[in-house]
Each structure stands twice: as C-alpha cells, then as structure tokens.
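K.L.:
quick check, what structure comes out for this input:
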Amino acid sequence: MILRSFWTAALLAIPATLGAMTFNELSRIAYERSLEQSAAQGQQEALQHEKSAYGAFEPLYLEGATRRIRADDPSGNGNEYSMMVGMTAKNPWVKEAKNAEFDAAIRRVQGDSELRKTLIQSRLKHEYLLAELAREEAEIYRRKQESAEQGYAIARKKHEAGRISQMELVRFETELGVARKEASEALIAYRTHQDTLREMTHIDTEIRVDDLSFRFVDAGTWEETIKRSAVLEQFSLAEKELSSQIETLRRSTVETVGFGVGMTREPTQHSVDMRVSIPLSFGAKNERRIAALMAMRSAAAAQKELTARKLSIAAEQSFRKLGELQRLIGEALAMQKRHEALYVMAARGFEGGVVGQFEYLETKNRFYAAQAETLRLKRDYLDEIAKTEEKVGRIWE
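P.N.:
From the prediction side, this is the model:
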C-alpha cells in the first residue's frame, strides 16, 4: 500500500512541477546549448574575420641596399646607397570575386547550421512525444495497479467468507505484484525520456510543451517539404561556393600589383627610382585548378539530383507505412473500446459473484494490453516520422 501511494503521488505530482513552454522556445533553448551551435558560430566568425583581413590594405614595405663601387675614374669610387618604399594593391576585380567567395562560404556554413538545427528540433520533437506516450502508459499501468488492488481486496473478502480457495487468492496477489512492477517500470521509462530531454536542453525541471501532441501528419505537404529539404539546399550552396571559387581563379591572372618609389645615391650622381611589379598567373596550373573545381561542382549537382530521387522514393515508402500504421491505430482504438466495455461488465460480474476469477482477470489484462498495443503503434508511427525527417532534414509540418 505504501509503494502504491508513493508511485501514485509521484505521477499525479508531475503536472504541478512542470513549466510549460512552446515547442519553438524549447527548440531554441536546445540549439543554443548544443555543440553544433557553438561550432557553427565559430566557423561564421572565422570566415568574417578572414574576409575582413583579405579586404584590409597590405602593409608598406621598405627596402634598402648598399654596395662598394670601384670605377676606372678614381672620382667614381665610393659607396652606393639605395632606399625604396613600396606597397602592394589587390586587383579590384579579384577582390570583388574573393569577397563573393567568402559570402558564399558563410552562406554554406549558415545552411549547415540550419540543417543541424532542424535535426536537433526533429530529435527533440521525437523524444518529447515518446515521453508523452510513456507518461500516458504510466497512467494506464497506474490504473491497472488500482484495479488489481481492488480485485485483491474483493478476493480477500471472498476468501475470508470461504467462497474462493487459497490458490485463487494467491493468483490475485500475484496479479497485484505484476501490476505494481509494470507501473514502476512505466514511470521509470517516462523519467528516462525526461532525462534525455533535460540533457538536450540543460533544463533541470520536468519539461512540458503546451502546443505539441501526437497527431497524424498530412501526407499532402510532403512533396513541398522535400523541395525545401535542407539536405538538398546544402548541395545548392556547395555549388554556389564552388562557382564563386572558379570565378576568383578566372580573375586571378593579375591578382596584385606592386608599386615602389625610392632614391639611389651614387658617388657621382643621385637618382629617383620607381618600380612596378605585376605577377602573372598564366599557365596550365591555374586552368587545372579551375577544371578541378568545375568537376567538383558537377559532382555536387549530380549528388543533388540523385539525393532528390532517393528522398522521393523514401517518402513514398514512408507514406505507405504511415498510412498502414494510421489504419492499425484506428482499429486498435476501436478494439480498445470493446475491451473496455467487456472489462466493465466482467468487473461487475466478478464483484457480484457471477463471473469467475479467471474470466475476470483475462478480460482485465486484455483491456490493458489493448491500451498498451495502441501506444506501441503510436511509437512506431513517431519512429517512422523521425526517420524520414532525419533523411530530408526538414520537419514534417
């Protein structure tokens, strides 16, 4: 009795200890406290700094030289001194292309961040809905435990009145022990799901969401969901980044120009010097680098097309399975109602001495087994949705 009171009070106390929030709020918290968010933020900041560093002016350079001169005419003998100040300027066309390359890289990192955020959101939704099913299952087994206690109390009275044997009383006592064990295991399962949610969100209290519950998804929205797949978007962003790198190389024939102004002092004369340095990148090396990037871009386009076909096939298979599971859930709910009606009649008949104990216990166990079967089918339904969402990289709305 003490154990029953403990588990009952623990389960009933759960709603009072929870701070309900919206699912979007919970998703935001989970992502902000994830390793993925830290990594993505670090990559974006690094690319921004690299872009700023590339756009900054190159530092000035200072060159100096001296040499000993011995001329045929003794008046020309002496030391020669030279000094030059110079700078390097980037080709503005190359600079423009390089900035576009950095922007494309940043967008790719942002797209990867959105994909990881969506996957976290999908796992969070899946885990929370499983937790809610576990919570419902814990309530079912709590009621089963209460029913077993009531049945045992009635059996004891009948045994004391000599209406049933000791063996029959032990059967009810065994049923009570099994019901208590099932109730404890169900509550532990719920707590396990909650622990996983707390690990994902770093929230210490029980987690409840007020705008998320089990529901059947609309298959008609899946085609549009695939088109907006974050997985396919990653291939598109990779193509754009490679295109920007190709454009940078094409403009890099003359990437920088060097300028210098100086003075040379000789024993017999002085001069003002000017220098222009233009490094040229003509040759097969640059062309081969461009060809390599174009091959990578073609591969990304082919992978995108192949992935889109695979996602369509996976979605079609998922449609069929989800439709079958939805049908089975509907049948299970209908069967559950029939078992409930039989259980109510059997309970009244057993209490009145019309129904035997074995028939009563069998009817009761079938009723609670029917409820557990419905929850099992719902878990399979959620697992299928989560598996498909992970493939596509998009929440099925």
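
K.L.:
for the rest of this, base every contact and every neighbour count on C-alpha atoms.
P.N.:
Noted.

K.L.:
and the helices in the stretch 251-397 of the chain, which stretches?
P.N.:
284-351, 357-392 (DSSP state H, counting those that start in this stretch).

K.L.:
Serialize those to TSV and add fields for distance to Q245, mean neighbour count and mean pLDDT.
P.N.:
Output for these, formatted as TSV (distance: least, CA to CA, whole Å; neighbours: other CA atoms under 10 Å; pLDDT from 0 to 100):
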stretch	distance to Q245	mean neighbour count	mean pLDDT
helix 284-351	8	16	90
helix 357-392	28	19	92
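
K.L.:
name the nearest residue to I395, sequence neighbours excluded.
P.N.:
E389 (5.8 Å; CA to CA, 6 or more residues apart in numbering).

K.L.:
that neighbour reaches W396, doesn't it?
P.N.:
Yes - here E389 reaches W396: they are 6.6 Å apart, a contact under CA atoms under 8 Å.

K.L.:
can you tell me how far L375 sits from K51?
P.N.:
54 Å (CA to CA, to the nearest Å).

K.L.:
next one: G323
P.N.:
Where K51 is concerned, G323 sits at a distance of 51 Å (CA to CA).

K.L.:
cool, and Y360?
P.N.:
Relative to K51, and taking CA to CA, Y360 is found at 76 Å.

K.L.:
CA atoms of stretch 50-70 as PDB?
P.N.:
Backbone C-alpha positions of stretch 50-70 (Å, rounded to 0.1, in the frame of the first residue of the first chain) are rendered in PDB as follows:
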ATOM      1  CA  GLU A  50      39.200  36.200 -42.900                       C
ATOM      2  CA  LYS A  51      37.100  38.300 -45.200                       C
ATOM      3  CA  SER A  52      37.900  41.500 -43.300                       C
ATOM      4  CA  ALA A  53      41.600  40.500 -43.300                       C
ATOM      5  CA  TYR A  54      41.600  40.000 -47.100                       C
ATOM      6  CA  GLY A  55      40.000  43.300 -47.700                       C
ATOM      7  CA  ALA A  56      42.400  45.300 -45.500                       C
ATOM      8  CA  PHE A  57      45.300  47.200 -47.000                       C
ATOM      9  CA  GLU A  58      48.600  45.400 -47.400                       C
ATOM     10  CA  PRO A  59      51.300  46.800 -45.200                       C
ATOM     11  CA  LEU A  60      54.000  49.100 -46.700                       C
ATOM     12  CA  TYR A  61      57.400  47.600 -47.200                       C
ATOM     13  CA  LEU A  62      60.800  49.200 -47.000                       C
ATOM     14  CA  GLU A  63      63.900  48.000 -49.000                       C
ATOM     15  CA  GLY A  64      67.500  49.200 -48.600                       C
ATOM     16  CA  ALA A  65      70.800  48.200 -50.200                       C
ATOM     17  CA  THR A  66      74.400  49.300 -50.300                       C
ATOM     18  CA  ARG A  67      77.400  48.400 -52.400                       C
ATOM     19  CA  ARG A  68      81.000  49.300 -52.900                       C
ATOM     20  CA  ILE A  69      81.800  50.900 -56.400                       C
ATOM     21  CA  ARG A  70      85.300  50.900 -57.900                       C
END
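
K.L.:
any regions of this structure where pLDDT drops low?
P.N.:
For the chain, applying pLDDT under 70 flags the ranges 1-19, 71-73, 75-76, 219-222, 280-284, 397.

K.L.:
phi, psi of I164?
P.N.:
phi -130, psi 160 (degrees, to the nearest 10).

K.L.:
dump the residue contacts of S34.
P.N.:
By CA atoms under 8 Å, 6 or more residues apart in numbering, the contact set of S34 is M200.

K.L.:
now the one 3 residues further on
P.N.:
For Q37, the contacting residues are 31, 113, 117, taking CA under 8 Å, 6+ apart as the criterion.

K.L.:
isn't the last one right up against E32?
P.N.:
No - contact criterion CA under 8 Å: K117 and E32 do not qualify, at 9.3 Å.

K.L.:
neighbour count winner among those two?
P.N.:
K117 (22 against 13; other CA atoms under 10 Å).

K.L.:
tell me how far the more buried one lies from G64.
P.N.:
Taking CA to CA, one finds K117 at 56 Å from G64.

K.L.:
repeat that for E390.
P.N.:
63 Å.

K.L.:
ok, how many other residues are close to R28?
P.N.:
15.

K.L.:
please, which helix or strand holds it?
P.N.:
In the assignment (DSSP states H and E), R28 maps to helix 23-32.

K.L.:
H270 bridge partners, please.
P.N.:
R265 (DSSP bridges).

K.L.:
repeat for the one 5 residues further on
P.N.:
According to DSSP bridges, the partner residues bridging R275 are G260.

K.L.:
how distant is stretch 188-207 from the center of its chain?
P.N.:
17 Å (CA atoms, centre = their mean, to the nearest Å).
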